[in-house]
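[1] Sequence first, then the predicted structure:
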Amino acid sequence: MTKNISLLGSTGSIGTQTLEVCEKLGIKVSALTANSSTDLLEQQIRKFKPSLAVMGSEEKARDLKVRIADTDTRVSFGTDGLCEAASIESADTVVTAVVGMVGLKPTLAAIEAGKNIALANKETLVAGGSLVMKAAKEKGISIYPVDSEHSAIFQCLQGCHDKKQLKKLILTASGGPFFGKTIEQLRDVTVEQALHHPNWSMGAKITIDSATMMNKGLEIIEARWLFDVPVDNIDVVVHRESVIHSLIEYNDNAVIAELGVPDMKIPIQYALTYPERYPCDVEQLDLTKVGGLTFFEPDYETFKCLRACKKAMKLGGTATAIVNGANEAAVRMFLDGKIQFTDIGDIVYESLDRVKVKPIETLEDVLEADHQSRTAAGMRPQAIRVFNFSVE
Ligand code: NDP
Ligand code: MG
């Protein structure tokens, strides 16, 4: 069981819930990081007394330093700061709960420093999965999934003694707020509507990813790397109630599932206490209250992002970094009111034609693909047209 963590992205949805789990279980906290939430980070520093705190920029770091001058916490900033937090000596596990592929470098730094990883930050595996898994294998590092579907699969796999007997992974998807809608109905979706998830309360980026179903596409790729399963053996089923968090199927057609109320504290805690289990501060599942469970095929036509991720996974190399970079850029533009909701799917799908897919040999290959993809997404006529319109 983890005794001491470094928490990257402590002010976010996963970050704050991780701190609740740590407080309950008496897990120490060596480092905390935020991008710009100085007030919340200051409160967390006063409560958890880490030796290092990291902000997104030098300016924010300077402000934080003044505020916490009376504490023993040192302050750093930027990607170098995140890498420093990821390799801090006193932590045995690094919880990666930042959003976006900004988590890739620090995750590699954590592995290099010999830390186990509790991974929430799926974009890291989507962009650089081959690099991360290779480095983890070489260093003998464990990567424990925090994402609820992957935690479910990890829990289901506990009884599996030979992976050759495994036939399929089945990821469940809530379907998001726009399940059953047509492309035409989705065109005028507002930011507010897209930010309203029916079952889960999460950060803004992943909530939009759930609405476009990009989240499930990212999770297929994440599962491929975490469990070393070919993409054709990973299925997605829409399950509106989010009670079954995912399933595995064996070669004898026996199917094992993990169920619970939709609450991220269970997967966060299991990633930190594995292989032990402890009581957790979440509601008990009452199946009679749930009543019925429903299942549907995903709509790959309407939810283009899901299709793009499957295609990228098959293309291999930098393709998954390309769709991820395009999506990160597109979600930002949508949240800023520069593009329409359905443009996200178009931008992500077209990114595979706009940016050349290359093999991944080094981190630079991934960073370059990400950069090119973001640039291409920003230059897309749709993005420019709506942007110009909004500034007139
Ligand atoms: P949030 O947006 O709530 O939090 C993100 C965290 O990362 C915050 O601490 C934020 O700081 C920090 N951050 C944002 N941008 C940067 C940056 N450029 N550099 C450094 N730090 C940054 O996200 P979530 O907690 O919802 O998600 C975190 C990750 O976990 C994502 O990859 C998501 O896909 C994954 N995940 C989340 C789930 C959930 O239930 N929320 C479920 C499963 C996976 P600040 O507060 O200052 O902006
Ligand atoms: Mg998930």
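    Happy to help now that I have it. Ligands and ions are numbered 1, 2, ... in the order given.
[2] contacting residues for the nearest residue to A61 once chain neighbours are set aside?
    With C-beta to C-beta, 6 or more residues apart in numbering as the measure, F77 is the residue that lies nearest to A61, at 3.7 Å, once sequence neighbours are left out. Any C-beta I mention is one placed from the backbone N, CA and C, and that applies to glycine too. Counting by C-beta atoms under 8 Å, 6 or more residues apart in numbering, F77 makes contact with V54, M55, G56, S57, E58, K60, A61.
[3] swap in L7?
    G15, T18, L19, C22, V29, A31, L32, T33, V94, V95, A97.
[4] Give the helix, strand or coil label for it.
    Using DSSP: H, G, I helix; E, B strand; the rest coil, the structure places L7 in strand.
[5] for it, which residues make a bridge with it?
    Applying DSSP bridges to L7 yields these beta-bridge partners: L32, V95.
[6] I figured N324 hits E123, correct?
    Yes: at 5.5 Å, N324 and E123 qualify as touching, with contact defined as C-beta atoms under 8 Å.
[7] ok, those two, which is more surrounded?
    N324 (34 against 28; other C-beta atoms under 10 Å).
[8] If you drop the residues flanking it in sequence, what lies closest to the closest residue to ligand 1 within the chain?
    With distances taken as C-beta to the nearest ligand atom, the chain approaches ligand 1 most closely at G12, which sits 1.9 Å away. Sequence neighbours aside, G203 is the residue nearest to G12 in space, at 5.2 Å (criterion: C-beta to C-beta, 6+ apart).
[9] Against I268, how distant is the one you found?
    14 Å (C-beta to C-beta, to the nearest Å).
[10] rewinding a little: report the set of residues contacting both of N324 and E123.
    Counting by C-beta under 8 Å, 6+ apart, the residues touching both N324 and E123 are M101, L218.
[11] Which parts of the stretch 1-150 of the chain are strands?
    For the stretch 1-150 of the chain, applying DSSP state E, counting those that start in this stretch gives strands covering 4-8, 28-33, 52-55, 74-77, 93-96, 116-119, 143-145.
[12] any idea how far the fourth one is from the chain center?
    So the one you mean is strand 74-77. Here the centre of mass of C-alpha atoms in strand 74-77, compared against the chain's by C-alpha atoms, centre = their mean, to the nearest Å, lies 25 Å away.
[13] Stretch 267-276 near ligand 1 anywhere?
    No: if you take C-beta under 6 Å from any ligand atom as the test, stretch 267-276 misses ligand 1, and the best it gets is 7.9 Å.
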